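Asks: what follows is a predicted protein model with its sequence.
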Amino acid sequence: MTTNEFSKSVNIGLKLTQRIYYGKHGPPTQPPKPPSMSKCPTLQSQLSSTSSFRIMPDKHHPTAPMVYAMISEPDIVDNPDIRSYQPHVYGRCNPPALIPLHMHEVSMNVDCCLDTAFVMVTGVWRVHCVTASKCCDCRVTIPMGEQGLLLDVDVETAKRSYITKLVMAPNDEKDSDRVAKAKDGFMMKHNTYTLKIPHVYDKRVKNVDGGSIIHVKARWSQKLLYQDDEFCLNVPFTFPSYVLPLDKTTPKIEKVSLNVNSGTETMITCRFASHPFKEVQQQAGEASFLYEAEVMKWSTHDFYFAYSVYRKEMIFLLDISGSMRDTPLEQSKYAITASLSKLNHGDSFNIIAFNEDIQSFSSSLELREVQTLCAH
């Protein structure tokens, strides 16, 4: 499934949600009447002719971890708590429509170490769009930041739990068939990973019931960008309005915690944060930030954080072997000199030159002294 196909499936899913009636806790509207439909192999052509939810497909690309109900039979779309007994809908959705599930709780924990951030997002979603007597598959999508690498995903439903595992390259025909059947998870563009639950190759697993609760925990790593003497972290954390539960009695909790560790005896200063932090703890080499709130709407922008590190400690490696004679060696020396000129007072450095032997500029880290380096 391409990104465009994914967005189109979400667009169709949002149109199907017009069948859902939320009662007194929902919007002040009457139970919606579905458009008249005739029997046909697919439903997409009929839904595309309706004027509602006329949104560009790329608007539906996930901008935060989300869970979708996969709808092949549109007739099962209804409120699991309040049946509206709408007319039968003929036709099937092929590929399945994707309805974004309502999110009740989300928390994100970020641990920054050197130039890498380890992100863990935990969320609770409810299958609010499928009648209680029916079931469906669900799809989890996880957009990641710069050079994102998915580590693991845990999903728990009322019936059982699912975990991801590494699938090795096939060695024989049997393994090849197993890997082919495991392709429920794949990477779309924009660093977005998506996987279906339950897996199709496990015939013993039943689908997810309408009205049930889904717990998802996802972990991934991503790179911190370094520019203008700042480390910058950007995590996709923008939730669309249609994931907000319409039941006002449902508590909505959003938590963000951030831990930064750049090394021993190093000062860290927060330059910018997209979310207001409730609590800040800072000490030499480590800073901790916490944001927690009960919200009526989820984050409407990504989580962005930038910080500066004082008293940088840098070690330069210089190749002085025969292949570096003349111009390459001079260019390397010039690059080191230029880098040292950008260090601040209080920063320290060392230079290690190597060929067959290893020579060190100093036995320990030295305070910035560009003039000493040039003389050396």
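Replies: The structure has been received and is ready for your questions. Numbers count the residues shown, from 1 in each chain.
Asks: quick one: the helices in the stretch 51-200 of the chain, in order.
Replies: According to DSSP state H, counting those that start in this stretch, the stretch 51-200 of the chain carries its helices in the segments 173-181.
Asks: where does pLDDT dip in it?
Replies: Within the stretch 51-200 of the chain, the ranges that satisfy pLDDT under 70 run 51-58, 166-185, 190, 199-200.
Asks: same thing but at 80, please
Replies: Residue ranges of the stretch 51-200 of the chain with pLDDT under 80: 51-59, 83-90, 114, 159, 164-190, 198-200.
Asks: check contacts around Tyr334.
Replies: Remark: with contacts taken as CB atoms under 8 Å, 6 or more residues apart in numbering, Tyr334 is in contact with nothing. Backbone N, C-alpha and C define where each C-beta goes, glycine included.
Asks: buried stuff in the helix or strand harbouring it?
Replies: For Tyr334, the host element (DSSP states H and E) is helix 327-341. Residues of helix 327-341 classed as buried: 329, 332-333, 336, 340 (neighbour count, 16 or more other CB atoms under 10 Å).
Asks: now the angle from whatever helix or strand comes next after that helix to helix 327-341?
Replies: Counting by DSSP H and E, the element after helix 327-341 in chain order, helix or strand, is strand 348-354. Going by axes from the mean of the first three to the mean of the last three CA atoms, to 10 degrees, strand 348-354 is angled at 170 degrees with respect to helix 327-341.
Asks: which parts of the stretch 251-376 of the chain are helices?
Replies: 327-341, 370-375.
Asks: rank those by mean pLDDT and give me the bottom one.
Replies: Note on the helices of the stretch 251-376 of the chain: helix 370-375 shows the lowest mean pLDDT, a mean of 46.
Asks: quick one, phi/psi of Tyr242?
Replies: Phi and psi for Tyr242, reported as degrees, to the nearest 10, are phi -80, psi 0.
Asks: so what's it up against?
Replies: 14, 17, 100.
Asks: which positions in stretch 90-103 come out as buried?
Replies: Residues of stretch 90-103 classed as buried: 91-93, 96-103 (neighbour count, 16+ other CB under 10 Å).
Asks: what sits closest to Ile214 if chain neighbours are left out?
Replies: Spatially, and ignoring its direct neighbours in sequence, Ile214 is nearest to Trp125 (4.7 Å; CB to CB, 6 or more residues apart in numbering).
Asks: any idea what that neighbour is bridged to?
Replies: Under the criterion DSSP bridges, Trp125 forms beta bridges with Met103, Ile214.
Asks: how many neighbours does it have?
Replies: Around Trp125 there are 27 other residues, counting by other CB atoms under 10 Å.
Asks: quickly note the distance from it to Thr238.
Replies: Distance of Trp125 to Thr238, given as CB to CB, to the nearest Å: 16 Å.
Asks: and what of Val256?
Replies: Distance of Val256 to Thr238, computed by CB to CB: 13 Å.
Asks: neighbour-wise, which of the two wins?
Replies: Ranked by neighbour count (other CB under 10 Å), Val256 and Thr238 place Val256 first, with 26 against 15.
Asks: that one: what's it in contact with?
Replies: Val256 touches 107-108, 110, 237, 275, 290-292, 303, counting by CB under 8 Å, 6+ apart.
Asks: quick one: the strands in the stretch 101-250 of the chain, in order.
Replies: Listed in chain order, the strands of the stretch 101-250 of the chain (DSSP state E, counting those that start in this stretch) span 102-113, 116-126, 135-143, 149-156, 161-163, 186-188, 192-197, 208-209, 213-223, 225-227, 230-235.
Asks: so which of the ones you listed is nearest Phe6?
Replies: Closest to Phe6 of these is strand 186-188 (CB to CB; 6.4 Å).
Asks: what residues does the closest one touch?
Replies: The contact list for strand 186-188 (CB under 8 Å, 6+ apart) reads 1-3, 6, 193-195.
Asks: among the residues you listed, who's most crowded?
Replies: Phe6 (23 neighbours).
Asks: ok, Gly123 to Ser274 distance?
Replies: Counting by CB to CB, the gap from Gly123 to Ser274 is 19 Å.
Asks: who's more crowded, those two?
Replies: Ranked by neighbour count (other CB under 10 Å), Gly123 and Ser274 place Gly123 first, with 24 against 16.
Asks: list the contacts for that one?
Replies: Going by CB under 8 Å, 6+ apart, Gly123 touches 65, 67, 103, 105-107, 215-216.
Asks: got it, and Glu286?
Replies: Counting by CB under 8 Å, 6+ apart, Glu286 has contacts 259-261, 268.
Asks: neighbour-wise, which one of those residues leads?
Replies: Highest count within the contacts of Glu286 by other CB under 10 Å belongs to Val260, 23 neighbours.
Asks: bridge partners for it, pull those for me.
Replies: Beta bridges link Val260 to Cys112, Ala287, judged by DSSP bridges.
Asks: next, count neighbours for Lys278.
Replies: If we define neighbours as other CB under 10 Å, then Lys278 has 13 of them.
Asks: show me the contacts for the closest residue to Val67 other than its chain neighbours.
Replies: Counting by CB to CB, 6+ apart, Val67 lies nearest to Trp125, which is 4.3 Å off, once chain neighbours are set aside. The contact partners of Trp125, taken as CB under 8 Å, 6+ apart, are 66-67, 101-104, 213-214, 216.
Asks: and which of those is nearest to Ala132?
Replies: Closest approach between these and Ala132, by CB to CB: Ile213, at 12.9 Å.
Asks: make sure that closest one is actually in contact with Val124.
Replies: Yes. Because the distance of 6.3 Å satisfies CB atoms under 8 Å, Ile213 is recorded as touching Val124.
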